[in-house]
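Participant: sharing a model that was predicted from the sequence below.
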Amino acid sequence: MAEGLDLGKCFEIINNLTTEAGRLIARNNETRQDFVCKSGDIDLVTQTDQDVEKLIMDGIRQHYPDHKFIGEEESSSGGGVNKLTDAPTWIIDPVDGTMNFVHAFPHSCISVGLKVNKVTEIGIIYNPMLEQRFTARRGQGAYYNGKRIQTSGQKELGKALVTSEFGTSRDEPKMLAVNENFAKIAKQVHGLRVLGSAALNMAMVALGAADANYEMGIHAWDVCAGDLIVREAGGVVIDPAGGEFDIMSRRVLAAATPELAQELAKVLTQFYPQPRDD
Ligand code: IPD
């Protein structure tokens, strides 16, 4: 219990809501989707993103009218990102990997984290097209479709499969850093993968399928659930420069082990996206 809040009940509610919302996403993923551009020509939103965010927020409000939200689409539609307080706060990405979703590429997901006193208590990442559900509760381990998972244990960058993303902005200084990092990393690792969903990248680290993931330009809703799921799977989540992870900094590095995380951090050209999420 956090402040008398029944986290088991919260978990059940959000698990059911993601199943319901997942049906909508999977159905709409059968065809390419119309979209509208947000901050730029590769930052997209579809009607499904908006419908899923509403479905989840309305569903939570029915049980917890006082709970707060930081939702991707609400934040993008003018009001900015709500301030993170100690109140129970649901951090929601209704469709992470919207570009994939627009193209009917079946690799996107719902990503939801619940923070209480600014500590993440619940994380769910669910790809309904491939029926991949990653879940965690703080202190209770991480699970893939109900089975306990662990990171790979990989410590060496030279043997690591690393994921990252181009991101959703073509801002010149950012693209320079992204391309420089891809060029450097590709020469030093086993393999580099760009799959189109920040949350699923982190889920792959938790699963032990990828060894590390980094990105500079993500938002709180892309990484809130993934942070908990990776840590509950025995991995680490830090800032890409090697310090503490700051969910509002728009920067993340997740890895199977602390050794791998620090080795990767040393190689990366750093980029600090502005504005931050707070
Ligand atoms: C984006 C995707 C993309 C990543 C961006 C995210 P969205 O989320 O995860 O792969 O590079 O940083 O913002 O816009 O599809 O929800």
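Facilitator: Perfect, thanks for sending it. Residues are numbered from 1 along each chain as shown.
Participant: for burial, what's the neighbour tally of residue 206?
Facilitator: 31 (other C-beta atoms under 10 Å). To be clear about C-beta, it is placed using only N, CA and C from the backbone, and glycine gets the same treatment.
Participant: check the one 4 residues further on too.
Facilitator: Number of residues near residue 210 (other C-beta under 10 Å) recorded here: 26.
Participant: how about the residues of this structure by the ligand?
Facilitator: 72, 93, 96-98, 165, 167-168, 196-198, 215, 217-219, 222 (C-beta under 6 Å from any ligand atom).
Participant: just those residues: which are in strands?
Facilitator: Taking DSSP state E as the definition of strands, the residues of the chain next to the ligand contribute 93, 96, 215.
Participant: what residues are up against the first one?
Facilitator: In other words, residue 93. Contacts for residue 93 (C-beta atoms under 8 Å, 6 or more residues apart in numbering) come out as 72, 110, 111, 112, 199, 219, 221, 222.
Participant: low-confidence ranges, the protein, go.
Facilitator: Counting by pLDDT under 70, the chain contains low-confidence residues at 1-3.
Participant: residue 215 and residue 119: what is the separation?
Facilitator: 23 Å (C-beta to C-beta, to the nearest Å).
Participant: more neighbours: which of these two?
Facilitator: residue 215 (25 against 11).
Participant: in this structure that one contacts residue 264, no?
Facilitator: No. Residue 215 is beyond contact range of residue 264, at 12.0 Å (criterion: C-beta atoms under 8 Å).
Participant: show me which pair in the contacts of residue 93 is furthest apart.
Facilitator: The span of the contacts of residue 93, defined through C-beta to C-beta, is set by 110 and 219 at 15.0 Å.
Participant: more neighbours: those two, which one.
Facilitator: residue 110 (29 against 23).
Participant: which SSE is the more buried one in?
Facilitator: strand 109-116 (DSSP states H and E).
Participant: next SSE after that strand?
Facilitator: Per DSSP H and E, the first helix or strand lying C-terminal to strand 109-116 is strand 119-127.
Participant: quick revisit: by neighbours, which of the residues of the chain next to the ligand wins?
Facilitator: residue 93 (33 neighbours).
Participant: gap between it and residue 72?
Facilitator: Distance, residue 93 to residue 72, by C-beta to C-beta: 5 Å.
Participant: common neighbours of the two, please.
Facilitator: Common neighbours of residue 93 and residue 72 (C-beta under 8 Å, 6+ apart) are 219, 221.
Participant: thinking again about what came up before, next, format the contacts of residue 93 as CSV and append distance to residue 26.
Facilitator: Listed next are the contacts of residue 93 as CSV, based on distance: C-beta to C-beta, whole Å:
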residue, distance to residue 26
72, 19
110, 11
111, 16
112, 17
199, 16
219, 24
221, 20
222, 21
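Participant: returning to that earlier point: may I see the buried residues of the strand holding residue 110?
Facilitator: 109, 110, 111, 112, 113, 114, 115, 116 (16 or more other C-beta atoms under 10 Å).
Participant: and those, which is closest to the ligand?
Facilitator: Of all those, residue 111 has the smallest distance to the ligand: 8.1 Å, by C-beta to the nearest ligand atom.
Participant: just the angle between the strand holding residue 110 and strand 119-127, please?
Facilitator: 170 degrees (axes from the mean of the first three to the mean of the last three C-alpha atoms, to 10 degrees).
Participant: direction included, what does strand 109-116 pair against?
Facilitator: strand 89-96 (antiparallel), strand 119-127 (antiparallel) (DSSP bridges).
Participant: pick the most deeply packed of those.
Facilitator: strand 89-96 (a mean of 29; mean count of other C-beta atoms under 10 Å).
Participant: and it, how far out from the chain middle?
Facilitator: Computed by C-alpha atoms, centre = their mean, to the nearest Å, the chain-centroid distance of strand 89-96 equals 9 Å.
Participant: which strands and helices lie in contact with the longest helix along the chain?
Facilitator: When the chain is parsed with DSSP state H, its longest helix is helix 7-28. Where contact means 3 or more C-beta pairs under 8 Å, 6 or more residues apart in numbering; DSSP states H and E, helix 7-28 is packed against helix 47-63, strand 89-96, strand 109-116, strand 119-127, strand 132-137.
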